[in-house]
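S.K.: this is a predicted model, with the sequence first.
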Amino acid sequence: MTTQVERIRLAIIGCGRFARFFVPLFKAHPAVEKVWVCDLIRERAEEYSRQFGVDIMDSFEAALGSDRVNAVAIFTQRFKHGPMVIEALKAGKHVYSAVPCAIDIDDIRAIEKLVRETRLTYSMGETGFYRGPAVFCREEYAKGTFGRFTYGEAHYNHDIRNMEESFRSSGGEDWRKYAGIPPLYYPTHSTSMVLSAMPGVYAKKAVALGYARSPRTDIFGRDGQNLYDNPFANTAMLLELSNGGIARISENRCVGWKAPETYISQFYGDNGGYEFSVARHSLATWRPDDPHKVVMKDVTRLLQPEEVYSRITGDYEAAIQEIADGAGFYSACPIQPVDRLPEAFRGMANGHNGTHHFLVDDFCRACQTGKLSPTNIWQVARWNIPGLMAHQSAMEGGRVLDVIDLGDPPADWDVLDWKK
Ligand SMILES: NC(=O)c1ccc[n+]([C@@H]2O[C@H](COP(=O)([O-])OP(=O)(O)OC[C@H]3O[C@@H](n4cnc5c(N)ncnc54)[C@H](O)[C@@H]3O)[C@@H](O)[C@H]2O)c1
């Protein structure tokens, strides 16, 4: 059965703070014939409609019921993704979903089952997969530079003070109840960075501890502050991976840090290691002629946009302040394969370190070719489920849990090449 579509007719569901970065890209993509926008709050859809010159779809249900729509892009609040994706797949639509996949493992299972049965496209907009450090570690791992993976760390540091606006935007007076979502219910930015470097590798065991003393007792706590009975502002999990390596993933919402916010700090193999600190990226490999020493390389030039690199090599102190203030956030870096992107995207606004263009393009290419997006449901399940389980581990004071794995994609379903 093939579910390829020649031309994508897409309804974008949710006209909040984030989707506005994507409407122009979907509109400009050569595979897209038509874009609608839709929001429960009509004025938001109207504002998008005026700003981007697109028609309004009256409701999510209307989009699902319309023969003219063959795909939907879900940009609603994070707890809504799972159930909405399930409905969309049942209605026969291709689906792009903002992160996370779902906050309930049963929803992830249901999405996997539906995608397997229908062969529709499901692509989650995971920026972590396309960020420079993930691309770099993936490429060097494939070349064998690291040897056997031993240990890695990735982080998503986003203090709640800089997330408030986002939760307020649709949460109304109750926004704190949503803002208190367990940090590990949103683990995919960081898990994807380490795991995507090693195709086919997944978490087998997870154990986590949480930080329950955030001063934001209005948001994190177990006295009804939030919908999840969640006391943790920060949670760190240790994963034992299927290749025997260990990964530490930390999700921090109470942290004296701003940017970069999503990064791999360490990625070590028995033969080589990558490290990142604030602005500088380094690669070490054992010296062939002297097995007790390493060759150290600064690989920052590949992993920072040109405008950031030139600042770092000038006044470093000023440069790291500029990075903390957002320099480079909208630009790609040399290691990202931007030449494969549609000509129409050239010069268009980007975001999250040059990743938005890849997210839109890979969803559209998946719909058009019938191949799996690199951020397909099998891959995404391996990034999302460990976090959902590890939150439970933290709630139990650090119990070691066997992680549920939904397996590899079907053998007869090719995955798009993210490089070409
Ligand atoms: N780096 C990233 O990948 C990244 C960054 C920011 C946001 N996000 C994700 O994007 C999503 C949206 O974030 P946001 O800040 O725009 O949220 P938001 O609250 O500003 O917007 C969500 C919108 O969805 C609308 N909505 C909810 N249910 C609907 C329905 N049934 N039909 C139509 N509209 C509906 C709401 O009215 C609201 O306008 C979140 O899930 C977030 O996790 C991801």
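M.R.: Now that the structure is in, tell me what you want to look at.

S.K.: retrieve the pLDDT associated with residue 169.
M.R.: Note for residue 169: predicted pLDDT of 88.

S.K.: contact partners for the residue in the stretch 251-400 of the chain positioned nearest to the ligand?
M.R.: In the stretch 251-400 of the chain, the residue that lies nearest the ligand is residue 352 (5.0 Å; C-beta to the nearest ligand atom). Yep, even glycine has a C-beta here, placed from its N, CA and C like the rest. Residues in contact with residue 352, defined by C-beta atoms under 8 Å, 6 or more residues apart in numbering, are 127, 131, 262, 329.

S.K.: which of those residues are close to the ligand?
M.R.: Of the residues in the contacts of residue 352, proximity to the ligand by C-beta under 6 Å from any ligand atom holds for residue 127.

S.K.: in helices, which of the contacts of residue 352 fall?
M.R.: Using DSSP state H, the members of these that fall in helices are residue 127.

S.K.: do you know how far residue 370 is from residue 170?
M.R.: Remark: distance between residue 370 and residue 170 (C-beta to C-beta, to the nearest Å) = 34 Å.

S.K.: now residue 282: which helix or strand?
M.R.: strand 280-287 (DSSP states H and E).

S.K.: ok, residue 142 - how many residues close by?
M.R.: 12 (other C-beta atoms under 10 Å).

S.K.: so residue 126 sits against residue 192, correct?
M.R.: Yes: in this structure, residue 126 is within contact of residue 192 by C-beta atoms under 8 Å, at 5.0 Å.

S.K.: neighbour count: these two, which is higher?
M.R.: residue 126 (30 against 27).

S.K.: contacting residues around the more buried one?
M.R.: If you count contacts by C-beta under 8 Å, 6+ apart, then residue 126 has 99, 188, 189, 192, 359, 375, 380, 383 around it.

S.K.: the last one and residue 377: what is the separation?
M.R.: Applying C-beta to C-beta, one obtains 11 Å for the distance of residue 383 from residue 377.

S.K.: before we move on, the earlier item: which residues do residue 126 and residue 192 both contact?
M.R.: Joint contacts of residue 126 and residue 192 (C-beta under 8 Å, 6+ apart) are 375, 383.

S.K.: confirm residue 237 sits in a strand?
M.R.: Yes: the assignment for residue 237 by DSSP: H, G, I helix; E, B strand; the rest coil puts it in a strand.

S.K.: need the per-residue pLDDT for it.
M.R.: pLDDT, read off for residue 237, is 98.

S.K.: dig out what it forms beta bridges with.
M.R.: Here residue 237 sits in beta bridges with residue 208, residue 249, going by DSSP bridges.

S.K.: let me know how buried the closest residue to residue 31 other than its chain neighbours is, in neighbour terms.
M.R.: Of all residues not flanking residue 31 in the chain, residue 364 sits nearest, at 4.2 Å (C-beta to C-beta, 6 or more residues apart in numbering). Residues lying near residue 364 (other C-beta under 10 Å) number 26.

S.K.: residue 310 too?
M.R.: 11.

S.K.: and it, what element?
M.R.: Counting by DSSP H and E, residue 310 is part of helix 306-312.

S.K.: could I get the buried residue list for that helix?
M.R.: By 16 or more other C-beta atoms under 10 Å, the buried positions in helix 306-312 come out as 308, 309, 311, 312.

S.K.: who's in contact with stretch 325-332?
M.R.: Applying C-beta under 8 Å, 6+ apart, the set of residues contacting stretch 325-332 is 259, 304-308, 311, 319, 338, 349-354, 357.

S.K.: of all these, which two lie farthest apart?
M.R.: Maximum pairwise distance among the contacts of stretch 325-332 (C-beta to C-beta): 24.7 Å, between 319 and 357.

S.K.: residue 97 is in contact with residue 125, correct?
M.R.: Yes: with contact defined as C-beta under 8 Å, residue 125 reaches residue 97; the gap is 6.8 Å.

S.K.: need the pLDDT of the residue of the stretch 251-400 of the chain closest to the ligand.
M.R.: 96.

S.K.: now it, what's its secondary structure?
M.R.: Residue 352 - assigned by three-state DSSP - is coil.

S.K.: swap in residue 99?
M.R.: coil.

S.K.: hmm, it is touching residue 78, no?
M.R.: Yes: if you go by C-beta under 8 Å, residue 99 and residue 78 touch, sitting 7.5 Å apart.

S.K.: overlap in contacts of those two?
M.R.: residue 186.

S.K.: could you dump the buried residues of helix 306-312 into TSV with distance to residue 202 and pLDDT added?
M.R.: Compiled in TSV, these are given as follows (distance: C-beta to C-beta, whole Å; pLDDT from 0 to 100):
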residue	distance to residue 202	pLDDT
308	33	96
309	34	97
311	38	95
312	35	95
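
S.K.: now those residues in CSV, with distance to residue 252?
M.R.: Listed next are the buried residues of helix 306-312 as CSV, based on distance: C-beta to C-beta, whole Å:
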residue, distance to residue 252
308, 23
309, 27
311, 26
312, 25
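
S.K.: for the ligand, what are the nearby residues on this protein?
M.R.: Remark: the part of the chain in contact with the ligand comprises 13-19, 38-41, 44, 60, 75-78, 80, 98-99, 125, 127, 166, 169-170, 352, using C-beta under 6 Å from any ligand atom.

S.K.: show me those that map onto helices.
M.R.: 44, 60, 127, 166, 169, 170.

S.K.: which residue, other than its chain neighbours, is closest to the fourth one?
M.R.: Yep, that's residue 166 we're talking about. residue 17 (5.8 Å).

S.K.: try the second one
M.R.: In space, not counting the residues next to it along the chain, residue 60 is nearest to residue 13; the distance is 5.2 Å by C-beta to C-beta, 6+ apart.
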